[in-house]
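Student: pasted the sequence and its predicted model underneath.
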Amino acid sequence: MPRAKILVIPGSMRTGSHNAKLAALAAKEFALADADVTRISLVDYPLPLYDADVEAKSGVPRHATQLKQMIAAHHGVFIVTPEYNASLPPTLKNAVDWISRASERGEKPLSVFERRAFALGSASPLHFGGFRALMALRQVLEIGCGALVIPEQIAVPHAAEAFDDRDNLRDSELAAGLQALARRLIAVAEQVGQA
Ligand SMILES: Cc1cc2nc3c(=O)[nH]c(=O)nc-3n(C[C@H](O)[C@H](O)[C@H](O)COP(=O)(O)O)c2cc1C
């Protein structure tokens with residue numbers, strides 16, 4: 001198989017986002033582990049709030065189809081989610097919901113979630129590092145969309161102080177965890193891509 005292609009999606013659109021910082025660092029780790037990395041921002045894929053009437057009238061929005069195509073063009077996907085009220089934020093859930101409705105040329109709904117591997121990360125200024133958002137997003141992807149989400153994940157607590165002035169993680173265990181996660185996602189993505 002050629003070099004694994006990994007897509008990195010930060011679930012926050014906020015300027016100065018901790019999760020965007022973690023996504024950028026993860027993208028570096030994937031590249032160091034010899035993957036081809038694409039990092040996108042949901043800012044570039046604005047979507048209306050999912051509404052079945054909107055879908056019936058206008059179809060799936062172009063940006064949702066483009067996001068689905070981005071996922072389809074990669075072997076592995078790393079999603080970094082903020083935690084809002086113990087769950088994932090509405091913008092990220094809305095994007096997943098629209099992607100789950102996007103199918104082209106008669107393909108099976110949700111088929112973009114098959115034959116590729118997903119991994120999750122989160123960062124929060126609070127103590128648990130967004131751990132509950134990871135659980136919620138895992139449920140959405142695994143149970144809702146049928147995706148393979150690897151068990152390795154990273155939750156960065158106290159995110160405002162967690163990164164040094166080069167945007168690396170100060171905590172060596174967390175840094176090693178991110179490196180291990182990156183290698184594992186690539187390995188599983190390669191296996192799933194070959195199956
Ligand atoms: C509506 C709302 C709810 C939040 N709920 C939680 C929460 O349950 N747990 C948590 O750790 N942080 C919570 N936060 C704080 C976010 O973790 C914090 O705003 C974080 O910086 C968002 O991620 P970002 O920096 O990537 O944008 C909440 C923030 C907002 C706006």
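Tutor: Everything's here; your move.

Student: pairing partners for the longest strand belonging to the chain, with directions?
Tutor: Determined from DSSP state E, the single longest strand within the chain is strand 148-156. With DSSP bridges as the test, strand 148-156 is paired with strand 117-123 (parallel).

Student: could you point out which element follows the strand it pairs with?
Tutor: Later in the chain than strand 117-123, the nearest helix or strand by DSSP states H and E is helix 131-138.

Student: run the contact check for that next one versus the ligand.
Tutor: No: under the criterion of Cβ under 6 Å from any ligand atom, the ligand is not reached by helix 131-138; the shortest gap measures 6.6 Å. Any C-beta I mention is one placed from the backbone N, CA and C, and that applies to glycine too.

Student: just the buried residues of the longest strand of the chain, please?
Tutor: Buried residues in strand 148-156, counting neighbours by 16 or more other Cβ atoms under 10 Å, are found at 148-150, 152-156.

Student: and the spatially most central residue of the chain, bridged to which residues?
Tutor: In the chain, the centroid-proximal residue (Cα atoms, centre = their mean) is residue 79; its distance is 1.4 Å. For residue 79, the beta-bridge partners are residue 9, residue 120 (DSSP bridges).

Student: show me what contacts it?
Tutor: Contact analysis of residue 79 by Cβ atoms under 8 Å, 6 or more residues apart in numbering lists 9, 11, 92, 118-121, 137, 141.

Student: quickly name whichever of these is closest to the ligand.
Tutor: Taking Cβ to the nearest ligand atom as the measure, the ligand lies nearest residue 11 of those, at 7.4 Å.

Student: that closest one: neighbouring residues, count only.
Tutor: Residue 11 has 28 neighbours, counted by other Cβ atoms under 10 Å.

Student: close to the ligand: what parts of the protein are there?
Tutor: Counting by Cβ under 6 Å from any ligand atom, the chain sits next to the ligand at 12, 14, 17-19, 82-86, 124-126, 128, 130.

Student: out of the residues you listed, who's the most crowded?
Tutor: residue 130 (33 neighbours).

Student: so that one makes contact with residue 136?
Tutor: No: between residue 130 and residue 136 there is no contact under Cβ atoms under 8 Å: 9.9 Å.

Student: so which residues of the protein form strands?
Tutor: 5-10, 36-39, 76-81, 117-123, 148-156.

Student: for residue 54, see how far away the nearest residue to residue 29 once chain neighbours are set aside is.
Tutor: Leaving out its chain neighbours, the residue that sits closest to residue 29 by Cβ to Cβ, 6 or more residues apart in numbering is residue 182, at 3.9 Å. For residue 182, the distance to residue 54 equals 37 Å [Cβ to Cβ, to the nearest Å].

Student: same deal with residue 17?
Tutor: Here residue 17 is placed at a distance of 27 Å from residue 54 (Cβ to Cβ).

Student: packing partners for the longest helix belonging to the chain?
Tutor: Ranked by residue count under DSSP state H, the longest helix found in the chain is helix 172-194. Helices and strands touching helix 172-194, by 3 or more Cβ pairs under 8 Å, 6 or more residues apart in numbering; DSSP states H and E, are strand 5-10, helix 18-32, strand 76-81, strand 117-123, strand 148-156.
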